[in-house]
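Enquirer: this is the structure alone, sequence omitted:
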């Protein structure tokens, strides 16, 4: 599972040769006539719908071993989503998720959202601002909103009610970003942006994770070369603690890099999810 998320590459912003667009939604539901809990996956800054690849089916089937149906949802650069990852509407993304949860094969409110990297940022935002999905898993997360990827211009990644969210900017056209094309290291671009941001900017861009209504599961990497997910996950934990957050919180910190989420980590996450989602979801 090495390539779950790919970096914020300049070539991704400039590439013009594309394959056929991925589907907006891929589902792999348990087909026994019963309703089951659901895990919805959202990928990273590449866009598309990575887990809809037929090669991913054996991986998706593993969710069934834990009693979960699974779906994979694209949020940009798929057939029915925006081409550009600029000011993506959280309202529209949440509405799409709500439609998924209303399927008769899904058990009530027993739904978890699992996002990777940029998708972890998205998942935490959706859990913080909407009540459609209560259980949030954020793999290689951010504690703040960042600028839109794949564009040299400065825009927010997300919007709510038509208004862009405040963000911290790690410019695409910077030495740290451009050199990362050759080194694979982008971390400094994000750590520098965080260190240079004012307290007000950091406060305005912070994701209000304390508003999440259910469990929060974080997966981070101590050797993350893309962005400082371990340190940012710690910031999320601290904010939850400072706000006396009462729901289950688990932080799985991996001694690896941005691509270290493997089958063992997956099993740990799904075991924990099955436990915290409780007997009403079994």
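Expert: Done, it's in. Small disclaimer: the values here were computed from a predicted structure and weren't measured.
Enquirer: could I get the full set of helices for the stretch 151-282 of the chain?
Expert: All helices of the stretch 151-282 of the chain, identified by DSSP state H, counting those that start in this stretch, fall at 175-183, 187-196, 199-205, 229-242, 263-276.
Enquirer: between those helices, which one is nearest to residue 102?
Expert: Taking CB to CB, helix 263-276 is the member of the helices of the stretch 151-282 of the chain nearest to residue 102, at 20.7 Å. The C-beta positions use only the backbone N, C-alpha and C, and glycine is treated the same way.
Enquirer: residues contacting that closest one, please?
Expert: With contact meaning CB atoms under 8 Å, 6 or more residues apart in numbering, helix 263-276 is reached by 1, 39, 59, 62-63, 66-68, 112, 114, 135, 137, 214-215, 217, 219, 248, 250, 252, 254, 281-282.
Enquirer: test my guess that residue 22 contacts residue 49.
Expert: Yes: counting by CB atoms under 8 Å, residue 49 is a contact partner of residue 22 at 3.8 Å.
Enquirer: neighbour count for the two, which is higher?
Expert: Between residue 22 and residue 49, counted using other CB atoms under 10 Å, the more crowded position is residue 49 (25 against 21).
Enquirer: sorry, back to before: give me the buried entries from the contacts of helix 263-276.
Expert: 39, 59, 63, 66-68, 112, 114, 135, 137, 214-215, 217, 219, 250, 252, 254, 281 (16 or more other CB atoms under 10 Å).
Enquirer: where does residue 7 land on pLDDT?
Expert: As predicted, residue 7 sits at a pLDDT of 35.
Enquirer: which of the helices and strands in this protein ranks last by mean pLDDT?
Expert: helix 10-14 (a mean of 33; mean pLDDT, DSSP states H and E).
Enquirer: neighbours of residue 35, how many?
Expert: The number of residues near residue 35, taken as other CB under 10 Å, comes to 17.
Enquirer: right, and it touches residue 106 too?
Expert: Yes: counting by CB under 8 Å, residue 35 does reach residue 106; the two are 6.1 Å apart.
Enquirer: quick one: the strands in the protein?
Expert: For the chain, the strands defined by DSSP state E occupy 25-28, 36-42, 69-73, 88-89, 106-116, 135-139, 158-160, 163-164, 216-221, 249-254.
Enquirer: pick the most deeply packed of those.
Expert: Highest mean neighbour count among these (mean count of other CB atoms under 10 Å): strand 135-139, with a mean of 28.
Enquirer: appreciated, that's everything.
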